[in-house]
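A.B. asks: The following block contains a protein sequence and its predicted model.
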Amino acid sequence: MADFGRSSDLLQIGGNKVTARQVVNVLGRWNASEDWDSIGRTGRMDDYSSGDYYDDDVQTLRTNFSSGAAYYMARRPQRRAFCKTYGLVQRWAHAENVAMLPFTDEALASSVGATVEELNAEPIDELAAQVVFDALCGSMSGVVEQERCDEMRATFVTSSGSFDEEAFSFALDEARGTISGALLVFPGLPILVVGLVANKWSPVALASLSGIASQVQASVDESGPAALLLPTWAALGALFTVLIGTNTAPGVLRRWVVGVDADAERQLDYKERAILEQDELYLQKMARRKRGEEERVVVDTNMGMGNYLRRVLSADFVASSFRRTLTPPKDDSAATRQRMRSTPGSKRAGDKDFSIR
């Protein structure tokens, strides 16, 4: 049986591959994306966005940058609500939730020489879950339309219920073609433009550099080494930043000598503070929705990205969005406003502590 690699392995020469058995162990646990998209963290986020949630679940969905901002942003309740509204399913939800489901497909299991009991006892291979989602979405995207996901899942199974290796390999090849085309556009096209410009203007640039070198040499001959004092200080400052770092981002040397204390407090940067503030307001909105003080706006699900783009580009949507932007968000307490204005590291009373413990 064939082995399968990630769609990013364009030449299929990488060593990280998974077997058909590992792929089947993922596919045999669900028939429709709803099976894994409505459980675990995603299920709790759906309840949270509807206002029908337990207070204990709020802590599990709180803002958390311990694994990086990008990791959290993909798992953010607002992001989940967007995907749910427009009929999208997410890669991380597939990778995390499939393992919660039991393996039940006997025909798939027998096609790779295994039994339901054997595959049900085997843990899900993380790489296999990523490879499967590559084939489902036809790229390395973090989301895919739910309808396409279910359609692609059906193509990986023959009429007799066996695993269709040829169809699965073809889906991965299509994904590699999509990625190759995207790379030709970026960074391929900019590199081509830069190469053409460099080919034409490199003689002029070299002549300019030669002139600058001559001017620097003339300044040194006239004023002595003091002429190099300012650029030397600038270079030393940049080197100090790289080696030592700043208050919020330790440099290479400081990390190597001191190390990174996993339990140490870390100050959030301005982007993370803005995300935290938005999450605080979103929590208040969901609390009002739970109390019945704010109704949920219901839109058609499975709208698709085409209909979504037509909707957000409509005059009515732009006008209403502009009005919402000019309207200050509702805040349930003056104390919260004071907390969100605080600066990390400040010693003033009443300041919000933005550090991650």
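C.D. replies: Yep, that arrived. Numbering: from 1, shown residues only.

A.B. asks: And Arg289, how far from Leu209?
C.D. replies: Distance of Arg289 to Leu209, computed by CB to CB, to the nearest Å: 63 Å. All C-beta spots, glycine's among them, are computed from the backbone N, C-alpha and C.

A.B. asks: err, Arg91, not the other one
C.D. replies: Between Arg91 and Leu209 the distance is 47 Å, computed by CB to CB.

A.B. asks: what about these two, which has more around it?
C.D. replies: Arg91 (20 against 10; other CB atoms under 10 Å).

A.B. asks: so that one makes contact with Cys137?
C.D. replies: Yes: with contact defined as CB atoms under 8 Å, Arg91 and Cys137 form a contacting pair (7.5 Å).

A.B. asks: Helices of the stretch 101-250 of the chain, residue ranges please.
C.D. replies: In the stretch 101-250 of the chain, the segments counted as helices under DSSP state H, counting those that start in this stretch are 106-111, 116-121, 126-137, 146-155, 165-183, 189-223, 229-243.

A.B. asks: can you pull the alpha-carbon coordinates of the third one into PDB?
C.D. replies: Which is helix 126-137. C-alpha atoms of helix 126-137 as PDB (Å, rounded to 0.1, in the frame of the first residue of the first chain):
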ATOM      1  CA  GLU A 126      -1.400  13.700  14.300                       C
ATOM      2  CA  LEU A 127       0.300  13.800  10.900                       C
ATOM      3  CA  ALA A 128      -2.400  11.500   9.400                       C
ATOM      4  CA  ALA A 129      -5.100  14.000  10.600                       C
ATOM      5  CA  GLN A 130      -3.300  16.800   8.800                       C
ATOM      6  CA  VAL A 131      -2.800  14.800   5.600                       C
ATOM      7  CA  VAL A 132      -6.500  13.900   5.600                       C
ATOM      8  CA  PHE A 133      -7.500  17.500   5.900                       C
ATOM      9  CA  ASP A 134      -5.100  18.500   3.100                       C
ATOM     10  CA  ALA A 135      -7.000  16.100   0.900                       C
ATOM     11  CA  LEU A 136     -10.400  17.300   2.100                       C
ATOM     12  CA  CYS A 137      -9.700  21.000   1.500                       C
END
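
A.B. asks: What residues of it count as buried?
C.D. replies: Across helix 126-137, burial judged by 16 or more other CB atoms under 10 Å covers Leu127, Ala128, Ala129, Gln130, Val131, Val132, Phe133, Asp134, Ala135, Leu136, Cys137.

A.B. asks: do the first one as well
C.D. replies: Of all the residues in helix 106-111, those buried under the rule 16+ other CB under 10 Å are Leu108, Ala109, Ser111.

A.B. asks: Which one of those residues is nearest to Glu122?
C.D. replies: Ala109 (10.5 Å; CB to CB).

A.B. asks: The closest one: what's it in contact with?
C.D. replies: Val24, Gly28, Phe103, Thr115, Val116, Glu118, Leu119 (CB atoms under 8 Å, 6 or more residues apart in numbering).

A.B. asks: What subset of these is buried?
C.D. replies: Buried subset of the contacts of Ala109 (neighbour count, 16+ other CB under 10 Å): Val24, Gly28, Phe103, Val116, Leu119.

A.B. asks: Most widely separated two among those?
C.D. replies: The span of these, defined through CB to CB, is set by Val24 and Val116 at 11.0 Å.

A.B. asks: Show me whatever sits in contact with both of the two.
C.D. replies: Taking CB under 8 Å, 6+ apart as the criterion, Val24 and Val116 both touch Asp105, Ala109.

A.B. asks: where do the strands sit along this structure?
C.D. replies: 3-5, 17-19, 88-90, 143-145 (DSSP state E).

A.B. asks: Identify the residue spatially nearest to Lys271, adjacent ones excluded.
C.D. replies: Distances taken as CB to CB, 6 or more residues apart in numbering put Ala69 closest to Lys271, at 6.9 Å, once the chain neighbours are dropped.
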